[in-house]
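Participant: kindly return the folded structure for what I paste below:
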Amino acid sequence: MLAISGCSGPVGPIAGGILEGAPKPWPQDWSFTADYENVLLQTNSAEPYSVTLWGVYVDEHFYVASSDQQNRWALNLKNDPKVVLSIEGNLYSGVGTVVTDAAEAAQVLEQYSLKYDFYSDEGEANEGIIFRLTQAPE
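Facilitator: As a prediction, the model looks like this:
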């Protein structure tokens, strides 16, 4: 597994390391992401760890979520909020914040449901974690 984590980017469901691509400014409008099923997310800025995830936008924010708060990328993000998001080879540097507002979480889950034909029981939603990705402070 060490050899794989040293490589650039994930390969399908297998985690990878540092993402490569063209750095771009943080988008003000994420609607273009509606056409992309998967995004790549890099966490742990000291030792980059990247995964393939589903992601959705609501208004001006982009979100990623996990049904398991103990996933390595989610734990990384809780410890170090810096992220790099890759969409079609374009890299967006930002920070991730745990969504704690129930109304915001409900909107995000609704978007996941619509985009991925994904439905969860109310109890399952409480076990997961949602991160709002925003532009990194200058």
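Participant: okay, buried residues for the lengthiest helix in the chain please.
Facilitator: Using DSSP state H, we find that the single longest helix of the chain is helix 102-116. In terms of neighbour count (16 or more other CB atoms under 10 Å), helix 102-116 has its buried residues at 104-105, 107-109, 111-112, 115. The C-beta positions use only the backbone N, C-alpha and C, and glycine is treated the same way.
Participant: average model confidence for that helix?
Facilitator: Mean pLDDT, computed over helix 102-116, is 94.
Participant: dump that helix to PDB, restricted to CA.
Facilitator: The C-alpha coordinates for helix 102-116 follow below in PDB (Å, rounded to 0.1, in the frame of the first residue of the first chain):
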ATOM      1  CA  ALA A 102     -29.200  20.800  10.300                       C
ATOM      2  CA  ALA A 103     -30.900  22.800   7.600                       C
ATOM      3  CA  GLU A 104     -27.700  23.100   5.600                       C
ATOM      4  CA  ALA A 105     -27.000  19.400   6.000                       C
ATOM      5  CA  ALA A 106     -30.500  18.600   4.800                       C
ATOM      6  CA  GLN A 107     -30.000  20.700   1.600                       C
ATOM      7  CA  VAL A 108     -26.700  18.900   0.900                       C
ATOM      8  CA  LEU A 109     -28.300  15.500   1.400                       C
ATOM      9  CA  GLU A 110     -31.100  16.500  -0.900                       C
ATOM     10  CA  GLN A 111     -28.600  17.400  -3.600                       C
ATOM     11  CA  TYR A 112     -26.800  14.100  -3.100                       C
ATOM     12  CA  SER A 113     -30.200  12.300  -3.500                       C
ATOM     13  CA  LEU A 114     -31.000  14.200  -6.700                       C
ATOM     14  CA  LYS A 115     -27.600  13.900  -8.300                       C
ATOM     15  CA  TYR A 116     -26.800  10.300  -7.400                       C
END
